Every structure is written in structure tokens, then in C-alpha cells.
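J.: Quick check, what structure comes out for this input:
(one chain, ligands or ions: 1)
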Amino acid sequence: MRAADQTPLPGTFPAAALRAARGHCPRCGEARLFRKWLKPCDSCSACQIDWTPQRADDFPAYIAIIVTGHLLAPLIILLSKDFELEPLAIFALVVPLALAMMLGLLQPAKGAVIAAQWWFGLNGFRKERPILEGDSA
Ligand SMILES: [Zn+2]
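T.: Next comes the predicted model:
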């Protein structure tokens with residue numbers, strides 16, 4: 001176990017969000033963030049940060065809906081205009097694809113939301129930033 005003050009923090013929010021979207025702790029990047037599919041661990045087994053203050057609520061689902069909709073809308077237009085498929089055929093293609101995308105995006109979106117709450121110090125998280133060379137107190 002590494003001491004909390006020696007944990008290499010991510011340099012930017014996108015780096016933290018990427019760690020969390022991959023299912024790793026956004027703070028240290030080492031341990032798993034989720035113990036079940038959408039259930040985060042209570043604390044990080046590597047850096048010991050307490051994840052119980054996170055409140056992602058429905059926001060990951062909204063992110064998954066928005067991303068899926070924006071990616072599938074051009075496909076639906078393409079299938080109906082260029083390939084002139086019947087609505088039932090489009091439905092048969094798009095609905096399973098949309099379900100797969102939604103289910104696939106939920107955990108990364110939830111990880112990124114948790115990372116955002118930690119990075120910006122929301123919901124009781126302490127705002128932490130890496131100490132960079134040249135920083136003055
Ligand atoms: Zn950690």
C-alpha cells in the first residue's frame with residue numbers, strides 16, 4: 001500500500017476521467033473503481049480514498065443516452081435515405097445496437113462522473129491537485 005501523500009495524482013481532469021472510464025480509481029489509477037457493474041467500491045484498495053460520497057445518480061444514463069443518440073441519428077438517416085430500408089428493418093438494426101451502446105457506455109460514464117465529482121471537490125470530496133515543479137505554496 002502506498003501512502004496517500006505519495007499517490008501520483010492525474011495531472012488533468014481528462015486524465016482522471018479516462019482512468020475512471022476504464023474502471024480504475026481516478027485518483028491513483030491502480031485499483032478497480034467498481035466492485036460490481038455500476039456499484040463503486042466503498043474505498044480504493046490502493047490509495048484508500050473513500051468513494052462513498054459520490055452521487056452519480058442518473059447523470060451517467062443521460063450521458064449514455066446523449067452519446068448513443070448522437071451516434072445513431074446519422075446511421076438512421078443513412079439507412080433510411082441512402083439504403084432506403086423499411087422502418088421495421090431499421091428498427092431491427094438500430095434497437096439492438098442502441099441497447100448494446102447504452103449498456104456499454106453506462107459504466108465508463110459513471111466512472112467519469114465520479115472522477116468529475118472527485119476532481120472538482122463536489123459532494124464532500126477534498127479537491128486535490130498534483131504538486132507540479134515550480135509551484136509555489
Ligand atoms: Zn486509488
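
J.: Quick check: residues of this structure near the ion?
T.: Residues of the chain found near the ion (CB under 5 Å from the ion) are 25, 27-28, 44, 46-47. The way it works is simple: take the backbone N, C-alpha and C, and place the C-beta from them, glycine included.

J.: for whatever helix or strand A115 lives in, packing partners?
T.: Taking DSSP states H and E as the criterion, A115 maps to helix 87-119. Under the contact criterion of 3 or more CB pairs under 8 Å, 6 or more residues apart in numbering; DSSP states H and E, helix 87-119 touches helix 13-21, helix 59-81.

J.: buried sites along that helix?
T.: Going by neighbour count (16 or more other CB atoms under 10 Å), the buried part of helix 87-119 is 90, 94, 98, 101-102, 105-119.

J.: now it against helix 13-21, angle please.
T.: Orientation of helix 87-119 against helix 13-21 (axes from the mean of the first three to the mean of the last three CA atoms, to 10 degrees) gives an angle of 120 degrees.

J.: Tell me the gap between helix 87-119 and the middle of its chain.
T.: 11 Å (CA atoms, centre = their mean, to the nearest Å).

J.: Stretch 24-32 too?
T.: Computed by CA atoms, centre = their mean, the chain-centroid distance of stretch 24-32 equals 12 Å.

J.: Show the end-to-end separation of it, please.
T.: Stretch 24-32 stretches 4 Å from its first residue to its last (CA to CA, to the nearest Å).

J.: State the mean pLDDT of it.
T.: For stretch 24-32, mean pLDDT is 95.

J.: can you check stretch 98-109 too?
T.: Per-residue scores along stretch 98-109 average to 97.

J.: mind showing which ranges of the protein have poor pLDDT?
T.: 1-5, 132-137 (pLDDT under 70).

J.: Quickly find the element holding P26.
T.: Under the assignment here (DSSP H and E), P26 is part of no helix and no strand.

J.: so who does it touch?
T.: By CB atoms under 8 Å, 6 or more residues apart in numbering, the contact list for P26 reads 10, 16-17, 19-20, 33, 111, 114-115, 118-119.
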